[in-house]
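Enquirer: Sharing a model that was predicted from the sequence below.
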Amino acid sequence: MSKMLEEIRQQPAALDRTLRGELRSVERLRNLLAKRRPRLIMLAARGTSDNAAQFGRYLLEITTGIPVSLSAPSIYTLYQARVNFEDVLVVAISQSGESTDTNLVLERAREQGALTVGITNEPSSSLAQLAEHVFLVHARREKSVAATKTYTGQLLMLYLLAYGLGARIDIDDLRRLPDWAEAALKLEPEIAERAERYRFMDHAVVVGRGLNYANAFEFALKLMETCYVVAERFSSADFLHGPIAMVEPSFPVFLFAPSGVTWPALQEMITKLDRLKAETLIVTDSSNRQAIELGKHAICIPVRISRKSTRPEDLYTPIPYIIPGQLLAACLATEKGLNPDQPRLLSKVTQTL
């Protein structure tokens, strides 16, 4: 069994440890931010962590109303630009805490007056030394090059950051995330069987929207780095603005399809893809009855994650929804005779400037 698959299975426990381990620290940050509310949030990350940051952008803007920017590290590392960080919260996200350019962004931001937060899996890392406030993903050492449990741990920390900024995030709902992740893991036998169908796949499209847009990036990245599949990633809106023209019979398209505000547009897209005879597969949960009725097209997490309330129905879907994607990538790599733990030319820590 691959280490990647082992680490995918460890996610419920890792999520539970992270929530229990960091909630008190987040409460302290919440008190601080109530007195020092930022006018802007900037998220700095690379790779899988950058996909987590993409999620953070949607989550934080939706739940706090504060504008969020994704950092372009080359502005600082190559162009040596000075930026006005007054009243800005800068959050660096890194599994290892040793991403050179991410750390440099944080260092420059702190020098220029920003309030800084670091999210990492490594308490003794350079990032942990640089940030004023450090929050740990309690995933324990991740051995596979393909990040899985650290990605979902970072998403959880971004929920906690939103809570720290005063968002209406229900901590009791966050406590349900390990159980929802466990429910997603029960799909492993079904996904392993489905992976055989995609054994000769060499290109694909992954589609998500809103809070699951980041998952489209992350699932595509997993397909690229572990299965060597050319995987393009789009929001459903962008996909209709041209790229859908490349779809032909049997073209693989994977979609994240929770109930809620994103479902009507995704449902319309699925109908178009069916007319094109594309090879579509959607990830959903038991609350989306219409998606489940698609039968062979659906991987359904057997719990109701989306519920009608004053918050977005799909607010807590991203963590359990990425797990079927992780499982499919790990199982497909095995089907292709590849080692997902050691993709060619890649190492666990990537340092760029």
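Expert: Looks like it arrived, so ask away. Residues are numbered from 1 along each chain as shown.
Enquirer: any idea how far the residue most central in space within the chain lies from Thr120?
Expert: Central residue of the chain (C-alpha atoms, centre = their mean): Ala52, 4.2 Å from the mean position. In this structure, Ala52 and Thr120 are 12 Å apart, going by C-beta to C-beta, to the nearest Å. Using the backbone N, CA and C atoms, a C-beta is placed for each residue, glycine as well.
Enquirer: list residues touching both of those two?
Expert: Shared contacts of Ala52 and Thr120, defined by C-beta atoms under 8 Å, 6 or more residues apart in numbering, comprise Ile93.
Enquirer: Against which helices or strands is the helix or strand where the residue nearest to the centre of the chain lies packed?
Expert: Ala52 is part of helix 47-64, with elements assigned from DSSP states H and E. For helix 47-64, the elements it packs on are strand 40-44, strand 68-70, strand 88-94, helix 149-164, helix 213-227, judged by 3 or more C-beta pairs under 8 Å, 6 or more residues apart in numbering; DSSP states H and E.
Enquirer: SS state for the residue nearest to Ile244 when sequence neighbours are not counted?
Expert: Sequence neighbours aside, Lys272 is the residue nearest to Ile244 in space, at 7.1 Å (criterion: C-beta to C-beta, 6 or more residues apart in numbering). Three-state call for Lys272 (DSSP: H, G, I helix; E, B strand; the rest coil): helix.
Enquirer: List the contacts of His203.
Expert: Counting by C-beta under 8 Å, 6+ apart, His203 has contacts 229-232, 251-252.
Enquirer: Relative to Asn31, how far out is it?
Expert: Counting by C-beta to C-beta, the gap from His203 to Asn31 is 50 Å.
Enquirer: circling back to that earlier point, contact partners for the residue nearest to the centre of the chain?
Expert: When contacts are counted by C-beta under 8 Å, 6+ apart, Ala52 touches 45, 93, 151, 154-155, 158, 214, 218.
Enquirer: Looking at these, spot the one nearest Met246.
Expert: Glu218 (21.8 Å; C-beta to C-beta).
Enquirer: Correct me if wrong: the closest one contacts Pro324.
Expert: No. If you go by C-beta atoms under 8 Å, Glu218 and Pro324 don't touch, sitting 11.9 Å apart.
Enquirer: More neighbours: the two, which one.
Expert: Glu218 (31 against 27; other C-beta atoms under 10 Å).
Enquirer: can you pull the pLDDT of that one?
Expert: What the model reports as pLDDT for Glu218 is 98.
Enquirer: Likewise for the one 5 residues further on?
Expert: Predicted confidence (pLDDT) at Leu223: the value is 98.
Enquirer: Kindly report the same for Val207.
Expert: 97.
Enquirer: Can you report how many residues lie near Gly166?
Expert: Neighbour tally, Gly166, other C-beta under 10 Å: 15.
Enquirer: can you pull the contacts of it?
Expert: 30, 33-34, 37, 64.
Enquirer: Endpoint to endpoint, stretch 54-72 covers what distance?
Expert: Stretch 54-72 has an end-to-end distance of 13 Å (C-alpha to C-alpha, to the nearest Å).
Enquirer: chain center to it: distance?
Expert: Its chain's C-alpha centre and that of stretch 54-72 lie 13 Å apart, by C-alpha atoms, centre = their mean, to the nearest Å.
Enquirer: Please apply the same query to stretch 113-129.
Expert: Offset of stretch 113-129 from its chain centre (C-alpha atoms, centre = their mean): 19 Å.
Enquirer: swap in stretch 70-85?
Expert: Centroid separation between stretch 70-85 and its chain, computed with C-alpha atoms, centre = their mean, is 24 Å.
Enquirer: And for stretch 249-268?
Expert: Averaged C-alpha coordinates place stretch 249-268 at 18 Å from its chain's average position (C-alpha atoms, centre = their mean).
Enquirer: mean confidence score for that stretch?
Expert: Per-residue scores along stretch 249-268 average to 95.
Enquirer: residues of that stretch that come out buried?
Expert: 251-260, 262-263, 266-267 (16 or more other C-beta atoms under 10 Å).
Enquirer: nearest to Ser287, of the residues you listed?
Expert: Nearest member of those to Ser287, counting by C-beta to C-beta, is Ser259, at 5.0 Å.
Enquirer: was I right about the closest one contacting Ile282?
Expert: No. In this structure Ser259 lies outside contact range of Ile282 using C-beta under 8 Å: 11.9 Å.
Enquirer: how many neighbours does Ser235 have?
Expert: Neighbours of Ser235 (other C-beta under 10 Å): 17.
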